[in-house]
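[1] Sequence first, predicted model second:
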Amino acid sequence: IQDMADRISEHFLPRTTAYHEIWLTDPETGEKERVEGGPEGHVIEPIYGTTYLPRKFKTAIALDYDNCVDVYTNDLGLIAIVESGEIIGYNVVVGGGMGVTPAKKTTFPALAHRLTFVEPDQVIGIGEAIMKVQRDFGNREDRKHARMKYLIDNWGIEKFRNQVADYYGAKLEAPHEKDVSGFNDHMGWDEQGDGKWFYGLNVENGRVWDNDRFQLKSAIREICSTLEPEIRLTSHQSLIFADVEESRKEELSGILKKHGVQLSEEYSTVRRWSMACVAWPTCGLAITESERALPVLMDQLEPEMARLGLSSEELTIRMTGCPNGCARPYNPDIGLVGKAKNRYTMYLGGRLLGNRLGFIYKDLVPFEEVVPEIVSVLSLFKANREEGETFGDFCDRIGKEALLEMTAA
């Protein structure tokens, strides 16, 4: 899948020279001179044409047993279907997107639809056909409705599938029966499969900095200069140090400890699976706090989960400072979306697998009441869960109205 990602990236890179031509104009004569860039003449994009795409277009690849990239939140997603240790092909999903414009009631979060199954050598062709459909039919009149999810919502998935098949030049197969079935955050030590190791470092809310308690930035700088690992960024805002020799594992851990950095295995489960957008003071769109508020919320929630005997329960909590959804708050077990100053819309019923949207449980919840609200539902979950049931699955099964009645009782 890494090779496939590289092939997709290379194929869909812009070919036009317009992106990398630099011209200087003589202020006295008006004469123009190109000082950097491609060949003479106007190069038309073979894929994007003269109009390009109406809006941003996100692509991700997951394994059927590991949806660590949250594949269903992307415009184009590929789910690698693995049998007997080999990728036999990909389920193609289309039309995901988390962004919501608060003042535009017709905007909404969406998870991608299952479109078709393709063999590996068909991926580039089907991806190009999907992109061209969005190029030619995506909404260009209203930027807030320009993502592909709105085109699919307007048309329906069958019309979209037929149009993609027309552009592709062949009938599309039905999706493979397999779907995402697991989610690994890849934190801690793990073997790469080539004799080397990687270490997933949990970075709370993605903030890399030095302060009076720990020096994360300094630790990363020392690791990079001494061990020279490959670095990957995860979809949960954390870091992976790859290509580490087994003999140097303790050295890497020692650098983190020396700088006061908490190891991934020392985080509580709920904090490790939490995530927030930057919000105030970094983002101009933020309505309320997120990145600076979520650690405070975790400090309050951790002892409550321990009291309930749920400390090891894997559940996702994501918080954003506004409805634009940069931390993907609409498909986890618990989503908290800034709605007004110090108040949040609480979503329940999503899931760790990322393939189900949550529902609005309560609106305009003051920050100081968020943890008590969560704890009241967690108490119901502990008392009424079915065997093997996750928190998100429990909330989805019980439903909003029943949960409200049960917590009010």
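    Done, it's in.

[2] what pairs with the least confident helix or strand in the chain by mean pLDDT, and is each one parallel or antiparallel?
    Each helix and strand of the chain was given a mean pLDDT (mean pLDDT, DSSP states H and E); the minimum falls on strand 32-36 at a mean of 84. With DSSP bridges as the test, strand 32-36 is paired with strand 22-25 (antiparallel).

[3] so T116, which of the three states?
    strand (DSSP: H, G, I helix; E, B strand; the rest coil).

[4] Can you tell me what sits against the least confident helix or strand of the chain?
    20-26 (CB atoms under 8 Å, 6 or more residues apart in numbering). All C-beta spots, glycine's among them, are computed from the backbone N, C-alpha and C.

[5] What pLDDT does the model give A18?
    We have a pLDDT of 66 for A18.

[6] Figure out how far the longest helix seen in the chain is from the centre of its chain.
    The longest helix of the chain (DSSP state H) is helix 367-384. Put simply, helix 367-384 sits 26 Å off its chain's centre (CA atoms, centre = their mean, to the nearest Å).

[7] Please name every helix or strand in contact with that helix.
    Judged by 3 or more CB pairs under 8 Å, 6 or more residues apart in numbering; DSSP states H and E, the packing partners of helix 367-384 are helix 294-307, strand 343-348, strand 359-366, helix 391-398, helix 400-408.

[8] Okay, angle between the second one and helix 367-384 too, please.
    Using axes from the mean of the first three to the mean of the last three CA atoms, to 10 degrees, the inter-axis angle of strand 343-348 relative to helix 367-384 is 20 degrees.

[9] same deal with the longest one?
    For helix 294-307 against helix 367-384, the angle by the same axes, to 10 degrees is 30 degrees.

[10] Adjust the sequence numbering to begin at 23 for everything that follows.
    Understood, numbering begins at 23; the last thing we discussed is helix 316-329.

[11] Name the strands paired with whichever helix or strand comes after helix 316-329 and say parallel or antiparallel.
    Downstream of helix 316-329, the first helix or strand assigned by DSSP states H and E is strand 339-342. Here strand 339-342 has these sheet partners by DSSP bridges: strand 296-298 (parallel), strand 356-362 (parallel).

[12] Check what contacts strand 339-342 and list those residues.
    Contacts to strand 339-342, defined as CB under 8 Å, 6+ apart, come from residues 292, 295-299, 301, 312, 315-316, 319, 323, 348-351, 354-360, 366.

[13] give me that answer again for 6 Å
    296-299, 312, 316, 348-351, 354, 356-359 (CB atoms under 6 Å, 6 or more residues apart in numbering).

[14] Go through these and name the one nearest V397.
    I356 (11.4 Å; CB to CB).
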